[in-house]
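# Sequence first, then the predicted structure, then my questions.
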6 protein chains.
Amino acid sequence: MVKSDNDIVNSFNEERKQLNALVLKYGGPVTKRFFSLDTQAYQNGALPAKTKELIGLVASLVLRCDDCIKYHLNQCHQNDVSTPEMVEAIETGLIVGGSITIPHIRRAFKYWEALIKK
Amino acid sequence: MVKSDNDIVNSFNEERKQLNALVLKYGGPVTKRFFSLDTQAYQNGALPAKTKELIGLVASLVLRCDDCIKYHLNQCHQNDVSTPEMVEAIETGLIVGGSITIPHIRRAFKYWEALIKK
Amino acid sequence: MVKSDNDIVNSFNEERKQLNALVLKYGGPVTKRFFSLDTQAYQNGALPAKTKELIGLVASLVLRCDDCIKYHLNQCHQNDVSTPEMVEAIETGLIVGGSITIPHIRRAFKYWEALIKK
Amino acid sequence: MVKSDNDIVNSFNEERKQLNALVLKYGGPVTKRFFSLDTQAYQNGALPAKTKELIGLVASLVLRCDDCIKYHLNQCHQNDVSTPEMVEAIETGLIVGGSITIPHIRRAFKYWEALIKK
Amino acid sequence: MVKSDNDIVNSFNEERKQLNALVLKYGGPVTKRFFSLDTQAYQNGALPAKTKELIGLVASLVLRCDDCIKYHLNQCHQNDVSTPEMVEAIETGLIVGGSITIPHIRRAFKYWEALIKK
Amino acid sequence: MVKSDNDIVNSFNEERKQLNALVLKYGGPVTKRFFSLDTQAYQNGALPAKTKELIGLVASLVLRCDDCIKYHLNQCHQNDVSTPEMVEAIETGLIVGGSITIPHIRRAFKYWEALIKK
């Protein structure tokens, strides 16, 4: 059974929300402070949030973490990143990280398509 | 359909057992000797097995291998690691390895919850 | 429900084909040139394609990318790599990359078994 | 003997130039095409070159390659990245990549100081 | 000219101190909060500091960061880790991370020898 | 003062030999058995030693370990790998691993040049 675009995005967000609740249930002060710092790092500052989300996206791509990529695609979409901007950021990651990133790029584009069609 | 806690742990262990049989079917002497060495490295010695399993857990976390994390969570649980001990070990891994480890921590805590509820 | 050997191989190839079409739909000139370069790198030259595919297989193993491993297993199979040759290449990767590669080796052997039984 | 700021930057650039000549002497068509693609990926497009250099910087940081970091710091400096912008980009990398990136951040800031004092 | 054991340890500590001052000079609030969190993660808690330093050591080894390894060797030494305990921790890292960790183990043992002879 | 080609190769081999003695002095049975397994993995078998050394070279390149690269270049040279064969293997690694491998390729070619001129 094929998932609709809505399903792809919603099920990712839903699972992430449930599991984050579990992290905060078990995690101690180090976890909680880290989560707060993680939010702080992507706020508008000398660099706009949009640039930071693009940076977070490509850092996630070259480290090859699908969940992190999807999260930053969400954030990029909310920060008005256009499709050509997203593509060029991803291409930078492809050059830095090589063909080993390609399976993640495939899934990133599929998720992005679901986001923009949603 | 949601898996019960028993299912999560059992299906991991079952699949691991089946695939290990396949590894030993195809693998040559190098594989077999490596598997034996892998077992030896976690035995009680100057450091207790419990400490070595915590080390194996965090090494698996920073290298971001979900199957290895689950395996070492099993071993930690059998070596009487408490929930606060497991959490502090994981938090060390979070600081060393950064936010890219978070999706793995989410799944680790979910698996641990299944282990202790089992 | 258990997948047959045919299913394992076919579903991997089918999904890869569909998602590659998506990559080429969204990707710009950098992506397209990279894909062409990726093909070029594995052609017969001073080294035969077979050796290059074995190299690609082990590089994928130590970087721990299941999709890349499956792809190079396909290519190895088409280039007449025998089971003992595949196993020895994988074992080199196991020694270089350590126990963290074992879950990927499990899945690699399962995929290889499907390929040769197909 | 302590190197002056000029020396730090110049010796990096000089060694890089000499060794790149060696890469092009030995490298075949795949190498040459890859180098050209590498240049293309950082040109102005949907995203400005400045943003791409910041992305390249952080990708290099989380993958922990000092030479790549220095190269992108050079490029950032030439693209009018300010110190606070560079710092915020680096901090994004610190959060994504964790404390393992700190030794590289130390050397990055030392190199940046040499660049801006030069 | 060969460095004495004192020199190896002192020059590492001295350079680290100087560069950390630079990190705090340039770094913003995210950096400063991360550094404080990094210290917090290794305090005595459910797990003793000694165990956390051993974990930090092996995490640094499998991620292959010489500076991080030296730092945690310092901390292990101050937390009364014995040579056989250090060796068994390192051996766990060797099995998890494979032969690619060996050059770092060589340098780790050399640094440890300098520490205990100092 | 510039090192001669002889110096580059000899000083690498000499330092490696000295530090390996240190590893065997401190290392326990796990280390010693791993070292023996590491040797075994590169022997002639279904695949010739030459192919295994090329695989070891590229695995070291994509994992970005200069010492491992130099060691396998030594072994490739002793197993009669030609310059074009070495180059094509390296180029496979460049495509798999991306631009982050380039600084290591620069140093690999410099070391290879020293080896063949020696």
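It's in. Predicted model only: the values in this text are computed from it and were never measured. Residues are numbered from 1 along each chain as shown, chains lettered A, B, ... in the order given.
# any idea which helix or strand carries the closest residue to residue A:8 other than its chain neighbours?
Nearest-residue entry for residue A:8: residue A:114, 4.3 Å, with adjacent residues in sequence omitted and distances by CB to CB, 6 or more residues apart in numbering or on different chains. Every residue, glycine included, has its C-beta placed from N, CA and C. Assigned by DSSP states H and E, residue A:114 belongs to helix A:102-117.
# go on, residue A:60?
Per DSSP H and E: helix A:49-63 holds residue A:60.
# Tell me the residues of chain A that contact chain C?
By CB under 8 Å from any CB of the partner chain, the residues of chain A that approach chain C are A:64, A:83-84, A:87-88, A:91, A:94-95, A:99-100, A:102-103, A:105-107, A:109-110, A:112-113.
# make it 6 Å
A:87, A:91, A:94, A:99-100, A:103, A:106, A:109-110 (CB under 6 Å from any CB of the partner chain).
# so which of those is the most crowded?
Ranked by the number of neighbours (other CB atoms under 10 Å in any protein chain shown), these place residue A:94 first, at 28 neighbours.
# now check the strand or helix carrying that one, is it near chain B?
Element membership for residue A:94 (DSSP H and E) is helix A:83-97. No. Helix A:83-97 is not in contact with chain B by CB under 6 Å from any CB; minimum separation 13.4 Å.
# and chain A, which residues reach chain B?
Residues of chain A found near chain B (CB under 6 Å from any CB) are A:19, A:22-23, A:26, A:28, A:30-31, A:34, A:38, A:63, A:65, A:67-68.
# I'd guessed residue A:84 sits against residue D:45; true?
No. With contact defined as CB atoms under 6 Å, residue A:84 does not reach residue D:45; the gap is 7.5 Å.
# okay, the two: which has more neighbours?
Using other CB under 10 Å as the criterion, residue A:84 and residue D:45 rank with residue D:45 on top: 19 against 13.
# Secondary structure element holding that one?
Using DSSP H and E, residue D:45 sits in no helix or strand.
# Could you check how far the closest residue to it other than its chain neighbours is from chain E?
Distances taken as CB to CB, 6+ apart place residue A:88 nearest to residue D:45, at 5.3 Å, with adjacent residues excluded. Distance of residue A:88 to chain E, given as CB to the nearest CB, to the nearest Å: 26 Å.
# quick one: which two of the residues of chain A next to chain B are the most distant?
With CB to CB as the measure, no two of the residues of chain A next to chain B lie farther apart than A:28 and A:63, at 24.9 Å.
# Quick one: low-confidence residue ranges for chain A.
Where chain A drops to pLDDT under 70, the residues are A:1-2.
# repeat that with 90
Along chain A, the model assigns pLDDT under 90 to residues A:1-6, A:118.
# Indicate the residue of it located nearest to chain F.
Across chain A, no residue is closer to chain F than residue A:98, which sits at 2.9 Å (CB to the nearest CB).
# wait, that residue sits on residue F:99?
No. Counting by CB under 6 Å, residue A:98 stays clear of residue F:99, with 7.7 Å between them.
# what's near enough to touch the spatially most central residue of chain A?
In chain A, the C-alpha nearest the mean C-alpha coordinate belongs to residue A:72, at 2.1 Å (CA atoms, centre = their mean). Neighbouring residues of residue A:72 by CB atoms under 6 Å, 6 or more residues apart in numbering or on different chains: A:53, A:56-57, A:60.
# so which two of these are the farthest from each other?
Among the contacts of residue A:72, the pair separated by the greatest distance (CB to CB) is A:53 and A:60, which sit 10.3 Å apart.
# out of these two, which sits in the busier spot?
residue A:60 (27 against 24).
# wouldn't that one be in contact with residue A:67 here?
No. Between residue A:60 and residue A:67 there is no contact under CB under 6 Å: 8.4 Å.
# How about the residues of chain A by chain E?
Counting by CB under 6 Å from any CB, the residues of chain A close to chain E are A:30, A:33, A:37, A:40-41.
# Apply 10 Å and report the result again.
Within chain A, the residues that sit near chain E (CB under 10 Å from any CB of the partner chain) are A:28-31, A:33-34, A:36-38, A:40-43, A:45-46.
# Please, a PyMOL command that selects the buried ones among these?
The PyMOL selection below is limited to those of those classed as buried (16 or more other CB atoms under 10 Å in any protein chain shown):
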select buried, chain A and resi 28+30+31+33+34+37+38+41+42+45
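# Quick check on residue A:46: phi, psi?
Torsion angles at residue A:46 (phi, psi; degrees, to the nearest 10) stand at phi -60, psi -40.
# And it, how close does it get to chain B?
20 Å.
# try residue A:111
14 Å.
# contacting residues around that residue?
For residue A:111, the contacting residues are A:5, A:8-9, A:12, A:66, A:69-70, A:73-74, A:77, by CB atoms under 10 Å, 6 or more residues apart in numbering or on different chains.
# next one: residue A:19
Residues in contact with residue A:19 (CB under 10 Å, 6+ apart) are A:67, B:102-103, B:105-107, B:109-110.
# Determine which two of those are furthest apart.
A:67 and B:109 (14.4 Å).
# Looks like residue A:64 contacts residue A:103 (just checking).
Yes. Between residue A:64 and residue A:103 there is a contact at 8.4 Å, judged by CB atoms under 10 Å.
# So for these two, which residues contact both of them?
The contact sets of residue A:64 and residue A:103 overlap at residue C:65 (CB under 10 Å, 6+ apart).
# Okay, the nearest residue to residue A:61 once chain neighbours are set aside and chain C: tell me how far apart.
Among residues not flanking residue A:61 along the chain, residue A:93 sits closest, at 3.9 Å (CB to CB, 6+ apart). From residue A:93 across to chain C, the span is 11 Å (CB to the nearest CB).
# For residue A:93, which residues are in contact?
Taking CB under 10 Å, 6+ apart, we find residue A:93 in contact with A:57-64, A:69, A:101, A:104-105, A:108, D:41, D:55-56, D:59, F:98.
# Report the buried residues of stretch A:102-118.
Within stretch A:102-118, the residues scored as buried using 16+ other CB under 10 Å are A:102-115.
# one step back: which residues do residue A:60 and residue A:67 both contact?
By CB under 10 Å, 6+ apart, the residues touching both residue A:60 and residue A:67 are B:100, B:103.
# still on that earlier bit, need the phi and psi values for the residue of chain A closest to chain F.
Residue torsions, per degrees, to the nearest 10, at residue A:98 are phi 80, psi -170.
# residues near the nearest residue to it once chain neighbours are set aside, how many?
In space, and not counting its chain neighbours, residue A:98 is closest to residue F:98: 2.9 Å by CB to CB, 6+ apart. Residues lying near residue F:98 (other CB under 10 Å) number 25.
# Sweet, I'm off.
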